[in-house]
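A.B. asks: Generate a structure from the sequence data that follows.
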Amino acid sequence: MSVQTLTLATTENTEIISHDPATGEEVGRVPNLSAAEVAEAVKRARVAQGLWAALDFKERGRIVMRARQIVLDEMDAIARLISRESGKPATEAISMELTPT
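C.D. replies: Now for the predicted structure:
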């Protein structure tokens, strides 16, 4: 079982910081969004989904295959990041999160 450590960066809760559970080192930061900001992101995602649905099957397939290739090209770096964030071995990150069947 992996343990992911997240802490709030400031008392204002403006960021969430991810730490490497093995070293305690900071891995990265993401904004801690307000409810209004989350609602806006959901609204924008719904608009984007409509645009996606309007694409024909061939175009959606082309985009998905391009995204797949990017993940494959960056697999080692992504696996190292997953390993740092979760504490799991990079090989497990690849087999369980990046290339599941």
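A.B. asks: contacts, neighbours, all on C-alpha from now
C.D. replies: Noted.
A.B. asks: what about the strand or helix carrying residue 63, distance to the chain center?
C.D. replies: Secondary structure from DSSP states H and E places residue 63 in helix 57-73. From the chain centre to the centre of helix 57-73 is a distance of 17 Å (C-alpha atoms, centre = their mean, to the nearest Å).
A.B. asks: ditto for stretch 88-96
C.D. replies: 15 Å.
A.B. asks: List the neighbours of it that are in contact with it.
C.D. replies: The contact list for stretch 88-96 (C-alpha atoms under 8 Å, 6 or more residues apart in numbering) reads 2, 75, 76, 79, 80, 82, 83.
A.B. asks: Let's see which of the residues you listed end up in helices.
C.D. replies: 75, 76, 79, 80, 82, 83 (DSSP state H).
A.B. asks: Tell me the confidence at the second one?
C.D. replies: Per-residue confidence (pLDDT) for residue 76: 95.
A.B. asks: Who are the contact partners of it?
C.D. replies: Residue 76 neighbours (C-alpha under 8 Å, 6+ apart): residue 90.
A.B. asks: Begin at 625 from now on, thanks
C.D. replies: Okay, using 625 as the starting number, the last item reads as residue 700.
A.B. asks: quick one: whichever helix in the chain runs longest to helix 681-697, angle?
C.D. replies: In the chain, assigned by DSSP H, the helix with the most residues is helix 659-678. Using axes from the mean of the first three to the mean of the last three C-alpha atoms, to 10 degrees, the direction of helix 659-678 lies 120 degrees away from that of helix 681-697.
A.B. asks: By mean pLDDT, flag the weakest helix or strand of this structure.
C.D. replies: Within the chain, confidence by mean pLDDT, DSSP states H and E is lowest for strand 629-632 among all helices and strands, at a mean of 47.
A.B. asks: before we move on, back to that, what distance separates the longest helix of the chain from the middle of the whole chain?
C.D. replies: Relative to its chain's centre, helix 659-678 lies at 17 Å (C-alpha atoms, centre = their mean).
A.B. asks: hmm, who's touching it?
C.D. replies: Counting by C-alpha under 8 Å, 6+ apart, residue 684 sit against helix 659-678.
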